[in-house]
Every structure is written in C-alpha cells, then in structure tokens.
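[1] Fold the following, please.
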Amino acid sequence: MKASIAATQVGRLLFISLPKKCTAKCSIGLSVFHSNCHYAASGSFRPIADISVSLHKLGMTNVTSPSQWHATRARRLYDEHERLEAMGNHGGSLQKLEEAAALGAVYALHDLGYTYYNAEPPKVREALIAYGKAARMGEGASAWNLARHFELQPNPARYFFWLRVAHRLNIEEAEEELASPFPYLLQKCLDGLQSGRTDEAAATLRLICSHGIEEACAAMKRLGM
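    Residues are numbered from 1 along each chain as shown. Next comes the predicted model:
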C-alpha cells in the first residue's frame, strides 16, 4: 500500500509540468505511470527510477525531477523562514527552517545547526547532527563549527578530525589552527588568569597540556601547577 501511494505522489510530481496540450507522448507516459503503480503495489518495482527512465525515453525533457522539486521547495521554505524571522515569529521561522533542512538543503542544515546550538537552552545534540550532515555535504563552515565545539571537549580526536575536514573544505583559518591548535582554550585560560579565576585557568591549562601542547605544560610549571 505504501509503495502504491508513493507511486501516486511521484506521478503527481512528474506530470505537474506536462504541456497543456497533451500529445500522444503524454498518453503513453500516463499509461507507463499507471503500470508502475500496479507493479509498485506488488513491491517488485522501483517507480521513481523507472518512471524517470520511461519519460526520458519518451523525450519529455520538461518534466521536473524529484531532486529539482526538493531544491525549489527547500528554497521557498528557507525564504519563508527568513521572512518569519524578520517579523519576530521565531517558532514559525524555526519550523520552516527545519522543513527546508529535512529536504536536504545544505544552507538550511547549517543554519539549523547554528540555531539549535545557540538556543535557550542549547540543543547541542541536534545542532551537532545538523552540522554533521551539512559538513558531509561540503559545507566548510559547519565543519569549522564542529571543530570549535569539540575543541572544548576532553577527547581531542574529533576536534582534529573536523579541523582537517574544514581545511579540506577551504576554510583558511583551519590551516593556521592545525599548526597551532587549541587557540580558544588558550584564550580562555588567559582570560581566567587576568580576571582572577585561577581555578578555571588551571583546569583549562591541564586540559590543553593533556592534549600534548608543550606551551601549556610549560606554563603550568612556571605557575607552579
């Protein structure tokens, strides 16, 4: 039953852009579609792929593919997200952003990760999932933000992993940071020392030293930690 419904939905999608004056090719295409519905119900047919092949053979080049439809729909949802956000409708804006991201729009996935990460309270797990999907689709900024998150974690493996991914995705700062890692942790340590939060600074230094950064270990010795 699910396969038959899916085939029907695909048929609506594929035939929505057919020419108004239906030719013999249209009739043949529709018969192909109904045949596909029949086989889809039995579970022995792949309607999306086979309909696309059948229409291609018929020379119907003005048919909108599922991927094109998803891209167009995602862009419209994202535009609506921005419009609602500008109006102050944060709940409606987030819903449209989530829908755009669900369609695989990499820009929506990145923005969704940022939105989740900076929410009150933060939705860190959801943010990391969205960032991860966007980074695997080639979004360098998402990989960079993942590196920023994992820099502050006890195990540095993921930090270096995402830093290298960001570098491969042409984030210029990533190359510099690979040569001199943990800049934010070091800055956090300095801020703690300057503001008198010595316990916090000491904990940060120990974390950096545990990652094998000699400068941090030397600083701990100088401070008698």
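
[2] contacting residues around the longest helix belonging to the chain?
    In the chain, with assignment by DSSP state H, the single longest helix is helix 66-86. With contact meaning Cβ atoms under 8 Å, 6 or more residues apart in numbering, helix 66-86 is reached by 10, 13, 48, 90, 92-94, 96-97, 99-100, 103-105, 107-108, 111. No exception for glycine: its C-beta is placed from N, CA and C like everyone else's.

[3] 7 Å - rerun?
    Residues from elsewhere that reach helix 66-86, judged by Cβ atoms under 7 Å, 6 or more residues apart in numbering: 13, 48, 92-93, 96-97, 99-100, 103-105, 107-108.

[4] Give me the subset of these lying in helices.
    Leu13, Ile48, Gly92, Ser93, Lys96, Leu97, Glu99, Ala100, Tyr107, Ala108.

[5] Show me which of the contacts of helix 66-86 are buried.
    Among these, those classed as buried by 16 or more other Cβ atoms under 10 Å are Leu13, Ile48, Ser93, Lys96, Leu97, Glu99, Ala100, Leu103, Ala105, Tyr107, Ala108.

[6] measure the last one to Ala143 for me?
    Spelled out, it's Ala108. Applying Cβ to Cβ, to the nearest Å, the value for Ala108 to Ala143 is 17 Å.

[7] can you check the fourth one too?
    Using Cβ to Cβ, Lys96 is found at 25 Å from Ala143.

[8] could you pull out the helices for this structure?
    Going by DSSP H, the chain shows helices at 2-15, 24-42, 47-57, 66-86, 90-102, 106-117, 124-136, 140-151, 157-168, 172-179, 183-194, 198-210, 214-222.
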